[in-house]
Each structure stands twice: as C-alpha cells, then as structure tokens.
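In: Build the 3D model from these lines:
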Amino acid sequence: MKILIVEDEDDLLTLLVNHLKKESHVCEQATTWRGGYQKINNFDYDCVLIDLDLPDGDGLKLVQLLRADASNTAIVVISARATIADRIHGLNLGADDFLTKPFSLAELSARINAILRRRNNIPVNELNFGKLVIQLDERQASSEERAIKLTKKEFDILVYLARNRNRVVTKGRIAEHLWGDYMDEAVSYDFIYAHVKNLRKKLLEYGCGDYLQTVYGIGYKFQV
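Out: Presented below is the predicted three-dimensional model:
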C-alpha cells in the first residue's frame, strides 16, 4: 500500500514512517501544507495521513482538495485538536477517520486497513481467484493450501495487480507504488519485468491460472 504522511513533527513523522514500512507499506512524506499539496497533485496514494496544524496552512484544506477531485484515496486526520466539533468538521469535509494525538500505532494500522477493506470490498483477510488465495494480513499466497514462496516485491506486485484486476497498470505506476520517492533512482523498468516474470512462473508452477498478462509497451494486467 502506498501512503503519504503530511506531518511537521519530526519525531512523530519518523515514528510513523518506520512503523508503516515495517508493515510493508511504501511511505512518502511532506512536512508542510505546500509539500502535501504538491504530492497529492502529482501522485496517487491509497491512503493519506494529514495533520491539521501545519506550519503554512490548515490540513483540512488538503482534505477538501482531495475530495473535490473525487479522489478515492483514504484520508485519516491525525491531530492534537480533540474537540468533538473538530472531529465532526473533519469527517464532514470528507475524512474517513480522525485520530487524536497521541494515538496507538497499532490502532492506526487497524483503522487504515479497515477503511481500505471497506472501500475495495475486500473480505477481512483474503483475495480469492480460483486456486489462488492471497492472505493479506499474513502476506501469503497459496494454491490448494500449498504456500507459494514469493519474495517481498513479488507479493507486493501480485497484490497491487490483483486489486487492479482487469485494468492495465503501467510499469511506471507499479514502480511508483512499490518504491515511492525512490523510483527515480531506477535506470530502467527492467527490474519490474524480472519480478513479474518470476511471479508468473511461480503461479503457473503451483497450478494457478495464467492471470498475469503483458500489455506490450505499456505494462501488465491481472486478468481473471
């Protein structure tokens, strides 16, 4: 999952990034209103965490901008503002959830996952495609109860393509989703080709359908 954190408290920002990365999310960050604005205008995110009290603006304006664009991005407000009026105002503007500082990192993760499951109509922990079963919380793919040994990147690509099933996903979008701010360091997208090739081979070896289709010159499609 690709997450943007808009937060100006350095210690909290570091804590959030480290925690979410341990849960295998790709994290990008902004410490100002303007930085957050540039990020959401140039990139797509599965979820955005927004502090309200930014040094150069009100985080609620970012919530409004995301919703004005009809974005399906999940929005979680994180703020020291603790009044009921603040929470109601944030939710009415389009935030999916509102966490008051200080908060539990485990609770934050649970709320993010719950929001995304609801938005994507995903069962509690599984994606099912014939023989292929993807257990999201356990980060495990299996076929007829046999665990498929995938690398971290192979699993991340599988989940990303499966969640975008029947839609063409460009190599650039895959790179952006998996590597976030570091994607520009890649000389080419050959590494994506290699990961997808290995993933497709493993799925076929375990008797799964040939779900991964190459759209030449563009990217890939998970087709059921």
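In: I'd like the mean pLDDT over the helix or strand Ile174 falls within, please.
Out: For Ile174, the host element (DSSP states H and E) is helix 171-179. Predicted confidence along helix 171-179 averages 81 (mean pLDDT).
In: what's around Gly57, how many residues?
Out: Using other Cβ atoms under 10 Å, Gly57 has 15 neighbouring residues. For glycine as for every other residue, the C-beta is placed from the backbone atoms N, C-alpha and C.
In: how about it, what does it touch?
Out: For Gly57, the residues meeting the contact criterion (Cβ atoms under 8 Å, 6 or more residues apart in numbering) are Thr32, Trp33, Arg34.
In: Do you know the pLDDT at it?
Out: pLDDT, Gly57: 91.
In: Backbone torsions only: list them for it.
Out: Backbone torsions of Gly57, given as degrees, to the nearest 10, read phi 170, psi 170.
In: Repeat that for the one 10 residues further on.
Out: When quoted as degrees, to the nearest 10, the phi and psi of Arg67 stand at phi -70, psi -30.
In: And Ser79, how far from Phe103?
Out: The spacing between Ser79 and Phe103, counted by Cβ to Cβ, to the nearest Å, is 10 Å.
In: okay, the two: which has more neighbours?
Out: Ser79 (19 against 13).
In: is it true that that one touches Thr100?
Out: Yes. Proximity of Ser79 to Thr100 meets the contact threshold set by Cβ atoms under 8 Å, at 6.5 Å.
In: so what are the domain limits for the chain?
Out: 2-120, 126-222 (automatic domain parsing).
In: helices and strands of this structure: which one bottoms out on pLDDT?
Out: The weakest-scoring helix or strand in the chain, judged by mean pLDDT, DSSP states H and E, is helix 171-179 (a mean of 81).
In: Heading C-terminal from that helix, find the next helix or strand.
Out: Sequence-wise, the next helix or strand downstream of helix 171-179 (DSSP H and E) is helix 190-205.
In: Tell me where the model's unsure across this structure.
Out: Flagging of the chain using pLDDT under 70 yields the residue ranges 70, 120-124, 180-188.
In: run the last query once more with 50
Out: Using pLDDT under 50 as the threshold, the predicted model of the chain has low-confidence ranges 187.
In: where along it do the helices fall?
Out: 10-22, 33-42, 59-68, 84-92, 105-120, 152-163, 171-179, 190-205 (DSSP state H).
In: The ones you listed: which one's closest to Phe222?
Out: Relative to Phe222, the nearest member of the helices of the chain by Cβ to Cβ is helix 152-163, separated by 3.9 Å.
In: which residues touch that closest one?
Out: Looking at helix 152-163 with Cβ under 8 Å, 6+ apart, the contacting residues turn out to be 24, 120, 122, 127, 129, 134, 136, 139, 141, 150, 169, 174, 177-178, 192, 195-196, 198-199, 202, 211-212, 220-222.
In: Buried subset of these as a PyMOL selection?
Out: Applying 16 or more other Cβ atoms under 10 Å to these, the buried members can be selected in PyMOL as follows:
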select buried, resi 127+134+136+141+150+169+174+177+178+192+195+196+199+202+211+212+220+221+222
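In: okay, the helices of the chain in a markdown table with distance to Val48 next?
Out: Written out in a markdown table, the entries for those read as follows (distance: least, Cβ to Cβ, whole Å):
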| stretch | distance to Val48 |
| --- | --- |
| helix 10-22 | 12 |
| helix 33-42 | 7 |
| helix 59-68 | 7 |
| helix 84-92 | 13 |
| helix 105-120 | 10 |
| helix 152-163 | 18 |
| helix 171-179 | 14 |
| helix 190-205 | 25 |
